[in-house]
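Trainee: Just a sequence and a predicted model for now, questions to come.
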Amino acid sequence: MSHSSPTLTAVQFVQQVLVTRPAIAVFDCDGTLWSGDAGSDFFYWEMANGFIAPEIVSAIIHRYNEYLAGRVDELAICGEMIQINKGLPVERLRTAAREFFREVVKPRIFPELQELTDQLVAQGCELWAVSSTNNWVVEEGAAAFGIPRERVLAATLAVEDGLVTDRLLRVPTDELKQAAIEEVIGRPVDAVFGNSMHDFAMLEKAKVAYAVNPNPELEARAKALGWKVYWPEVR
């Protein structure tokens, strides 16, 4: 991938962040800590592995195609993609997410983001993950970066008697990402890392914003605002 302006090397990027010694850092996940969209990948993985009833599959595939066509918004589809799990044991979903992450997502981790988070933890930085992907996958992925489950803000369903319900507790996307940060973290965030306009609201509130692997719209906004832009090697 080529870009119009000089790009930082992985070492330069990591050092650029570390030298600021952030006390709190927030990371988007899909496209930022790893390449691709783990949320939609898990969605298809579940269907391929028989987690979702056939009569539900056709309806949600139609809704997802409508989303891709721009006729269903991000907030709605992110909620619906996890609500299809209603009635499943939460521990079965955690086990599935662990297997899925190991097989599908782990090979796509950006090594320099792994190195950065390891170094930030060593510096005593408090790391958080904020994502509109389901919490089962995000919690599994975040753990690989030294982010504990209690510091994950992701799309979440209520659980009753060990079974997931269809009651949404949180779907952090767009302005709702920043709202979740304000509600749960409740302190100024020193560094935020994101890759799309769905991360813009939380990037805008950070002391230092890092556009990592940004899509074209975020790249343009980031450059206009003087934010840091970094391009990892996409696997």
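Mentor: Looks like it arrived, so ask away.
Trainee: Apart from its neighbours in sequence, what residue is nearest Glu112?
Mentor: The shortest distance from Glu112 to any non-neighbouring residue, by CB to CB, 6 or more residues apart in numbering, is to Ala10 (3.8 Å). For glycine as for every other residue, the C-beta is placed from the backbone atoms N, C-alpha and C.
Trainee: could you list every residue that touches the one you found?
Mentor: Residues in contact with Ala10 (CB atoms under 8 Å, 6 or more residues apart in numbering) are 111-112, 115, 232-233.
Trainee: Show the buried residues in these.
Mentor: Among the contacts of Ala10, those scoring as buried are 112, 232 (criterion: 16 or more other CB atoms under 10 Å).
Trainee: Looking at the contacts of Ala10, spot the one nearest Phe200.
Mentor: Pro232 (19.5 Å; CB to CB).
Trainee: Glu112 is in contact with that closest one, correct?
Mentor: Yes - using CB atoms under 8 Å, Pro232 makes contact with Glu112 at a distance of 5.8 Å.
Trainee: Counting neighbours, what do you get for Val72?
Mentor: By other CB atoms under 10 Å, the residues close to Val72 number 16.
Trainee: Where does pLDDT dip in this protein?
Mentor: Counting by pLDDT under 70, the ranges of the chain that qualify are 1-6, 234-235.
Trainee: the helices in it, which residues?
Mentor: 10-18, 38-48, 54-68, 74-83, 90-100, 111-123, 135-143, 175-180, 200-205, 216-225 (DSSP state H).
Trainee: how far off helix 111-123 does the first one point, in degrees?
Mentor: To tie it back to what came earlier, the one meant is helix 10-18. 30 degrees (axes from the mean of the first three to the mean of the last three CA atoms, to 10 degrees).
Trainee: same deal with the fourth one?
Mentor: Orientation check (the same axes, to 10 degrees): helix 74-83 against helix 111-123 gives 80 degrees.
Trainee: Over to the last one?
Mentor: Note on geometry: by the same axes, to 10 degrees, helix 216-225 and helix 111-123 are set 50 degrees apart in direction.
Trainee: which one of the helices of the chain has the most crowded surroundings?
Mentor: Of all the helices of the chain, helix 135-143 has the most neighbours on average by mean count of other CB atoms under 10 Å, namely a mean of 25.
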